[in-house]
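Peer 1: The sequence and its predicted three-dimensional model are supplied below.
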Amino acid sequence: MKKLFLFFGVSLMLSSAVPSFAQSIDGKHPSEDFQISVAGYSYRKYNIDETLAFLKSMDVKYFSVKDWWLPLDSTKEQMDAFKAKCAENGIEGYILGPIYMRSKEEVDKTFDYVARYGSDMFIGVPNYELLDYVIEKVAKTGIRVAIHTHGPDGAAFPDIRTIVDMVKDPKLGIGCCMDLGHTFRMGYNVAEDIKTYKDWIYDIHIKDETAAQKSGQTWEMGRGVMDFIPIVKALRDINYQGKISLEFEKNGDNPHPGVAESIGYLRGVIDATR
């Protein structure tokens, strides 16, 4: 009995010593100001059920859909079943792509694919000589194209400037899926590019890099050398309303720990900078 009284006495002393000014978040997290997503390429080694489980474990509600999960010849019924599976997990495949288009036939097939899915935008990478034809397709269908940028590695559309120079008019329905890691590897100020080209940005892929040059490699966010504070502030400044999709390209058999770490870091930066 003495031990019992001693236990409760110590407990009472400890509880009365706890400060009454502990702080907690009132309402939603500031990171909920943005729609955080994952680029499907991050889970390229996994089937859709495994991928949805990974996303659900991080409370990520959006992802971009690659064609290894939903091939370009998928029927409307197959697409509806795919979307229903995602919805059952509280997740939306909000956009298709990136899809590479190397002929007019591939452009036609891609636009038909996106129309069947019921989307008004996709991430696409057409050959340069097909750009005028893609502009015509956008005008006919109302389906917009977010061209993915690829940095200094020699692929088409290295950065957003190429899209601006070739398309000329942001009202034509062709904009950019701006890959911030590749922008950084091109040596540009990412935050300034976001503000300068805000009318062209339809979608964003985000990642950390080991260097601001071609040799830079994707790393877990917070472990690389990119400063995400001005980037988040720039996105707030332009009132960005699209998705921010983590694209994790680091090699390895299991990317999920790196994806989860990066998502956590991104949420932390967003929470700390409002």
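Peer 2: Perfect, thanks for sending it. Bear in mind that the values here come from a model prediction, so they are computed numbers and not experimental data. Numbers count the residues shown, from 1 in each chain.
Peer 1: make it CA atoms for all contacts and neighbour counts henceforth
Peer 2: OK.
Peer 1: Relative to residue 81, how far out is residue 265?
Peer 2: With distances taken as C-alpha to C-alpha, to the nearest Å, residue 265 is found 33 Å from residue 81.
Peer 1: Give me the more crowded residue out of these two.
Peer 2: Shown here are residue 265 and residue 81; by other C-alpha atoms under 10 Å, residue 265 has more neighbours (17 against 12).
Peer 1: how about the strands in the protein?
Peer 2: 35-38, 62-65, 92-101, 121-126, 144-148, 174-179, 201-206, 208-209, 218-219, 243-246 (DSSP state E).
Peer 1: Including mean neighbour count and mean pLDDT, could these go into TSV?
Peer 2: Formatted as TSV, these follow (neighbours: other C-alpha atoms under 10 Å; pLDDT from 0 to 100):
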stretch	mean neighbour count	mean pLDDT
strand 35-38	22	98
strand 62-65	24	98
strand 92-101	20	98
strand 121-126	24	98
strand 144-148	26	98
strand 174-179	26	98
strand 201-206	22	98
strand 208-209	26	98
strand 218-219	20	96
strand 243-246	24	98
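Peer 1: Which of the ones you listed sits closest to residue 46?
Peer 2: strand 62-65 (12.5 Å; C-alpha to C-alpha).
Peer 1: quick one: contacts of the closest one?
Peer 2: 35-40, 91-97, 245 (C-alpha atoms under 8 Å, 6 or more residues apart in numbering).
Peer 1: cutoff 10 Å now
Peer 2: Here strand 62-65 makes contact (C-alpha atoms under 10 Å, 6 or more residues apart in numbering) with 35-42, 48, 51-52, 55-56, 71, 86, 90-98, 122-123, 243-247.
Peer 1: same question, stretch 78-89
Peer 2: 48-49, 52-53, 55-56, 61-63, 69-71, 74-77, 90-94, 113, 116-118.
Peer 1: buried stuff in that stretch?
Peer 2: Using 16 or more other C-alpha atoms under 10 Å as the test for burial, stretch 78-89 gives 79, 82-83, 85-86.
Peer 1: Same question for stretch 126-141.
Peer 2: Those would be 126-127, 131, 134-135, 137-138, for stretch 126-141 by 16+ other C-alpha under 10 Å.
Peer 1: circling back to that earlier point, with pLDDT added, can I get the buried residues of stretch 78-89 in TSV?
Peer 2: Listed next are these as TSV, based on pLDDT from 0 to 100:
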residue	pLDDT
79	98
82	98
83	98
85	98
86	98
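Peer 1: number of nearby residues for residue 196?
Peer 2: Residues near residue 196, counting by other C-alpha under 10 Å, number 12.
Peer 1: From residue 235, how far off is it?
Peer 2: 11 Å.
Peer 1: Quick check: nearest residue in space to residue 73, chain neighbours excluded?
Peer 2: residue 113 (7.2 Å; C-alpha to C-alpha, 6 or more residues apart in numbering).
Peer 1: Wait, the one you found touches residue 121, no?
Peer 2: No - with contact defined as C-alpha atoms under 10 Å, residue 113 does not reach residue 121; the gap is 11.2 Å.
Peer 1: and for those two, which residues touch both?
Peer 2: residue 96.
Peer 1: need the contact list for residue 100.
Peer 2: 106-107, 110, 123-127, 147-148.
Peer 1: An error on my part: the question was meant for residue 197.
Peer 2: By C-alpha under 10 Å, 6+ apart, the neighbours of residue 197 are 160-161, 164, 170, 175-176, 178, 238.
Peer 1: Any chance of the backbone angles for residue 118?
Peer 2: phi 90, psi 20 (degrees, to the nearest 10).
Peer 1: let me redo that: residue 214
Peer 2: The phi/psi pair for residue 214 (degrees, to the nearest 10) reads phi -60, psi -30.
Peer 1: Adjust the sequence numbering to begin at 25 for everything that follows.
Peer 2: Right, with 25 as the first residue, what we last looked at is residue 238.
Peer 1: any idea how far it lies from residue 217?
Peer 2: In terms of C-alpha to C-alpha, residue 238 sits 18 Å off from residue 217.
Peer 1: Looking at those two, which one has more neighbours?
Peer 2: residue 217 (18 against 14).
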